[in-house]
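> I'd like to go over a predicted model; first the sequence, then the structure.
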Amino acid sequence: MEPPLYYKLLKPNKIESGKVYSAIFLMHGMGSNEEDLVPLVQDLADSAYIFSMRGPIEQPPGYAFFTIEGFGKPHRTEFDQAIESVVMFIEEMCEKHPIDSSKIFLMGFSQGAILSMSIGLKLGHKIKGIAALSGYIPDFMKHEYSGQNLKGLKLFCSHGEIDPVLPFDWAEEAKNLYEQLGAQVEFSSYPVGHQVSQQNFHDFRSWLEVAME
């Protein structure tokens, strides 16, 4: 059976018998592809499985996981399908590879960050950590999972203070919701637009390396 999404896989060169590994699942932004975020974490493949998924929708010059019907409002049917596909993908990879199910991490930029935080709401304690770079949580997800218990989940949430694509306030709202639901949140802002600055990279990597211990 083929996985629900096309993906790129990085893994340790030598897999030790009987050992299980952390897993990082990457989700790119709109118009990008599965190669985009790999350079940010590829050196961690010495000790973890890294899966970088490609969105199923063609969005030149690349791909998307869902489309938008209004500002901050994803098409609900496509969004639900994207979440279902990613969750199914995670489950299949955990069955196929020697992955420690208590050490699953999600990471995404923009649209990938939106999906990462939304899936975190849906799966709760099944996810150990999320690195959400320049994203937000759609209103319908906030309402439907307002009672979710996220105790034990770690979130690194970052955003550009002058982001012209996704308002900075939306990231603050996502941070606040995760805190209210019991997650351990590290929130960082930077004087940039819709991008991952060098300082952002260093900060999220420091967070991730500690979270993976």
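Perfect, I can see it now. Numbers count the residues shown, from 1 in each chain.

> so what pLDDT did Pro4 get?
Looking at Pro4, its pLDDT reads 84.

> Counting neighbours, what do you get for it?
17 (other CB atoms under 10 Å). Using the backbone N, CA and C atoms, a C-beta is placed for each residue, glycine as well.

> wouldn't it be in contact with Ala82 here?
No - counting by CB atoms under 8 Å, Pro4 does not reach Ala82; the two are 10.0 Å apart.

> ranges for the strands of this structure?
Assigned by DSSP state E, the chain shows strands spanning 7-10, 21-27, 48-53, 57-59, 62-64, 68-70, 73-74, 99-109, 129-133, 154-160, 184-190.

> now, of the ones you listed, which is deepest in the fold?
Of all the strands of the chain, strand 129-133 carries the top mean neighbour count, a mean of 28, counting by mean count of other CB atoms under 10 Å.

> What strands line up against it, and which way round?
Using DSSP bridges, the strands paired with strand 129-133 are strand 99-109 (parallel), strand 154-160 (parallel).

> now what about that strand, what contacts it?
105-110, 113, 116-117, 120, 153-159, 174, 196, 200, 204, 207-208, 211-212 (CB atoms under 8 Å, 6 or more residues apart in numbering).

> what sits up against the lowest-mean-pLDDT helix or strand in the chain?
The helix or strand of the chain with the poorest confidence is strand 68-70; it has a mean of 90 (mean pLDDT, DSSP states H and E). Outside strand 68-70, the residues that touch it by CB under 8 Å, 6+ apart are Pro74, His75.

> sorry, back to before: got the strands paired with strand 129-133 as CSV, with distance to Tyr190 and mean pLDDT columns?
Below are the strands paired with strand 129-133 laid out as CSV (distance: least, CB to CB, whole Å; pLDDT from 0 to 100):
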stretch, distance to Tyr190, mean pLDDT
strand 99-109, 13, 97
strand 154-160, 6, 98
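
> quick one: which of these is nearest Leu37?
Taking CB to CB, strand 99-109 is the member of those nearest to Leu37, at 6.2 Å.

> which other helices and strands contact the lengthiest helix in the chain?
If you go by DSSP state H, the chain has its longest helix at helix 76-96. Helix 76-96 sits against strand 21-27, strand 48-53, strand 99-109, helix 111-123, with contacts defined as 3 or more CB pairs under 8 Å, 6 or more residues apart in numbering; DSSP states H and E.

> can you put those in CSV and add distance to Val165?
Formatted as CSV, the helices and strands packed on helix 76-96 follow (distance: least, CB to CB, whole Å):
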stretch, distance to Val165
strand 21-27, 16
strand 48-53, 21
strand 99-109, 11
helix 111-123, 10
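
> residues contacting His194?
Contacts for His194 (CB under 8 Å, 6+ apart) come out as Ser110, Ser134, Gly160, Asp163, Pro164, Val165, Leu166.

> and the gap between it and Gly29?
Separation of His194 from Gly29 (CB to CB, to the nearest Å): 9 Å.

> which stretches of this protein aren't confidently modelled?
1 (pLDDT under 70).

> Skipping its backbone neighbours, what lies nearest Ala48 in space?
Nearest non-adjacent residue to Ala48, counting by CB to CB, 6 or more residues apart in numbering: Ser22, 4.2 Å away.

> thought that neighbour was touching Ser101?
No - Ser22 lies out of contact with Ser101 (CB under 8 Å); the separation is 10.3 Å.

> All good on my end, thank you.
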